[in-house]
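In: Would you be able to build a 3D model of this:
(one chain, ligands or ions: 2)
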Amino acid sequence: MKILGIETSCDETAAAVVADGRHILANPLVSQIDIHARYGGVVPEVASRQHILSIIPVIEQALDAAGVTWTELDGIAVTVGPGLAGSLLVGVNVAKAIALARGLPIIGVNHLEGHIYANWLTDDAAPPAFPLLCLIVSGGHSDLVLMTEHGRYAVLGRTRDDAAGEAFDKAARILGLGFPGGPAIERAARTGTPVFKLPRAWLKGTHDFSFSGVKTALLHLVENGQIKDVADAATSFQEAVIEVLVTKTIDAARENRVREVLLAGGVAANSRLRQWLSGTSPVPVRIPPPALCTDNAAMIAACSYYRLQAGQRAGLDLDVVTGLKLA
Ligand code: KG4
Ligand code: ZN
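Out: Numbers count the residues shown, from 1 in each chain. Ligands and ions are numbered 1, 2, ... in the order given. Okay, the predicted model is just below:
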């Protein structure tokens with residue numbers, strides 16, 4: 001079964017062709033990072049206009065690179081939320097137009113669920129085993145999710161303020177390291193030492209996260225002129241955030257006796273987080289390659305495959321849900 005996936009929830013215009021939910025035939029995207037970097041963050045109105053310009057060429061590129069014609073497709077999958085309304089609308093409307101013109105089934109996908117399913121894009125290697133625990137860490141979310149079967153989720157914990165990626169982006173801005181902040185902090189942290197003792201919000205007895213305290217502590221260090229070496233500050237910040245993410249993930253994995261731990265979302269591209277979690281977990285850890293951690297359309301197509309198999313279909317009244325939740 002070959003599915004065309006479409007993803008336009010934020011600032012990447014992405015299309016992919018995936019076979020049987022596991023094999024990527026093509027996965028191109030157009031990033032808008034250079035455009036938004038000028039403003040220090042994603043500008044929603046600019047993002048939706050860029051999606052309009054890029055979406056058709058990216059879809060054509062996906063089909064060409066996959067060597068698949070329109071008639072060989074079995075379905076269309078598109079992100080319906082969470083995300084920016086104007087951005088999501090571009091993908092959803094293009095997907096509906098294609099579904100109508102080609103008589104193809106269409107399915108709306110939750111972007112967060114898509115991030116989790118990046119872990120199924122491993123070709124013939126064994127797929128993830130249930131029950132599993134997934135830490136989703138992106139620009140908008142830090143969620144600990146227990147998954148007992150395809151499509152069944154229990155959110156055990158979530159952030160109470162800033163998401164992990166958002167914290168990285170804000171810390172980078174505080175340190176003058178540019179946008180997007182995650183990769184910038186990681187780069188700066190390579191040569192630093194964690195000399196600053198920044199606070200860790202353990203929120204004991206819960207699986208929730210909080211990252212606004214560590215960000216504020218960093219801001220105070222800058223305001224008080226205590227930072228001599230930006231690399232040391234970046235390392236101190238990265239260590240503080242990752243220690244909490246890893247410790248709380250492993251606690252939840254033990255408590256729920258899961259068979260595997262999955263990492264997903266843009267922050268999962270961070271090599272310090274990848275190493276630390278893999279090196280500490282009592283159960284196997286699975287992490288997509290970095291390019292499948294950040295936003296892409298292959299993960300959306302992968303997720304939809306299991307929905308289509310279960311007989312789910314959307315109608316042409318499919319709409320965006322900007323605040324869509326997982327469970
Ligand atoms: O999943 P994603 O591409 O988009 C959302 O759904 O939000 O995640 C983007 C987030 C940004 O906050 C970015 O700074 C962060 O992921 N990120 C990283 C790294 N690469 C991207 N954070 C830490 N280290 C990285 N290497
Ligand atoms: Zn994302």
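In: Please save the CA atoms from stretch 27-42 in CSV.
Out: Taking Å, rounded to 0.1, in the frame of the first residue of the first chain, the C-alpha atoms of stretch 27-42 are listed here in CSV:
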residue,chain,number,x,y,z
ASN,A,27,10.6,12.3,1.6
PRO,A,28,11.4,15.8,0.3
LEU,A,29,10.7,19.0,2.2
VAL,A,30,11.2,22.7,1.8
SER,A,31,12.4,24.4,5.0
GLN,A,32,11.4,28.0,5.7
ILE,A,33,14.1,28.4,8.5
ASP,A,34,16.1,31.0,6.6
ILE,A,35,13.0,33.2,6.1
HIS,A,36,11.8,33.0,9.7
ALA,A,37,15.4,33.3,11.2
ARG,A,38,15.3,37.0,10.2
TYR,A,39,12.5,37.5,12.7
GLY,A,40,13.9,35.2,15.4
GLY,A,41,10.9,32.8,15.2
VAL,A,42,8.2,31.5,13.0
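In: so how far is it off the chain centroid?
Out: The gap between where stretch 27-42 is centred and where its chain is centred comes out at 15 Å by CA atoms, centre = their mean, to the nearest Å.
In: Give me the contact list for that stretch.
Out: With contact meaning CB atoms under 8 Å, 6 or more residues apart in numbering, stretch 27-42 is reached by 7, 10-16, 18, 43, 46-47, 50, 54, 57-58, 61-62, 65, 84, 169, 173, 178-180, 295-298. Just so you know, the C-beta spots here come from the backbone N, C-alpha and C atoms, and that holds for glycine as well.
In: switch to 6 Å and redo it
Out: 11-14, 16, 50, 54, 58, 61-62, 179, 296, 298 (CB atoms under 6 Å, 6 or more residues apart in numbering).
In: In ChimeraX, how would I select just the buried ones from those residues?
Out: Selection of buried members from the contacts of stretch 27-42 for ChimeraX, criterion 16 or more other CB atoms under 10 Å:
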select :11,12,13,14,16,50,54,58,61,62,179,296,298
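In: Columns pLDDT on top of the contacts of stretch 27-42, output as CSV?
Out: Listed next are those as CSV, based on pLDDT from 0 to 100:
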residue, pLDDT
Asp11, 96
Glu12, 97
Thr13, 98
Ala14, 98
Ala16, 99
Gln50, 98
Ser54, 98
Val58, 98
Gln61, 98
Ala62, 99
Phe179, 91
Asn296, 98
Ala298, 99
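In: Pick the one among the contacts of stretch 27-42 closest to His150.
Out: Ala298 (17.2 Å; CB to CB).
In: can you pull the contacts of the closest one?
Out: Ala298 touches Ala16, Val18, Ile24, Asn27, Leu121, counting by CB under 6 Å, 6+ apart.
In: next one: Gln238
Out: Ile185, Ala189, Arg272.
In: follow-up on the earlier one: from the contacts of stretch 27-42, which two are the most distant?
Out: The widest separation within these (CB to CB) is 27.0 Å, between Ala62 and Phe179.
In: ok, which stretches of the stretch 1-150 of the chain are strands?
Out: 2-7, 12-19, 23-26, 29-31, 75-81, 106-110, 132-137, 142-149 (DSSP state E, counting those that start in this stretch).
In: got JSON lines for the ones you listed, with distance to ligand 2 too?
Out: What follows is the strands of the stretch 1-150 of the chain, written out as JSON lines (distance: least, CB to the ion, whole Å):
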{"stretch": "strand 2-7", "distance to ligand 2": "8"}
{"stretch": "strand 12-19", "distance to ligand 2": "9"}
{"stretch": "strand 23-26", "distance to ligand 2": "17"}
{"stretch": "strand 29-31", "distance to ligand 2": "12"}
{"stretch": "strand 75-81", "distance to ligand 2": "9"}
{"stretch": "strand 106-110", "distance to ligand 2": "11"}
{"stretch": "strand 132-137", "distance to ligand 2": "9"}
{"stretch": "strand 142-149", "distance to ligand 2": "12"}
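In: got TSV for these, with distance to ligand 1 too?
Out: Output for those, formatted as TSV (distance: least, CB to the nearest ligand atom, whole Å):
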stretch	distance to ligand 1
strand 2-7	10
strand 12-19	7
strand 23-26	17
strand 29-31	10
strand 75-81	10
strand 106-110	11
strand 132-137	7
strand 142-149	11
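In: Just put those strands in JSON lines and tack on distance to Gln238.
Out: JSON lines is the format used below for the strands of the stretch 1-150 of the chain (distance: least, CB to CB, whole Å):
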{"stretch": "strand 2-7", "distance to Gln238": "27"}
{"stretch": "strand 12-19", "distance to Gln238": "24"}
{"stretch": "strand 23-26", "distance to Gln238": "30"}
{"stretch": "strand 29-31", "distance to Gln238": "23"}
{"stretch": "strand 75-81", "distance to Gln238": "29"}
{"stretch": "strand 106-110", "distance to Gln238": "29"}
{"stretch": "strand 132-137", "distance to Gln238": "13"}
{"stretch": "strand 142-149", "distance to Gln238": "15"}
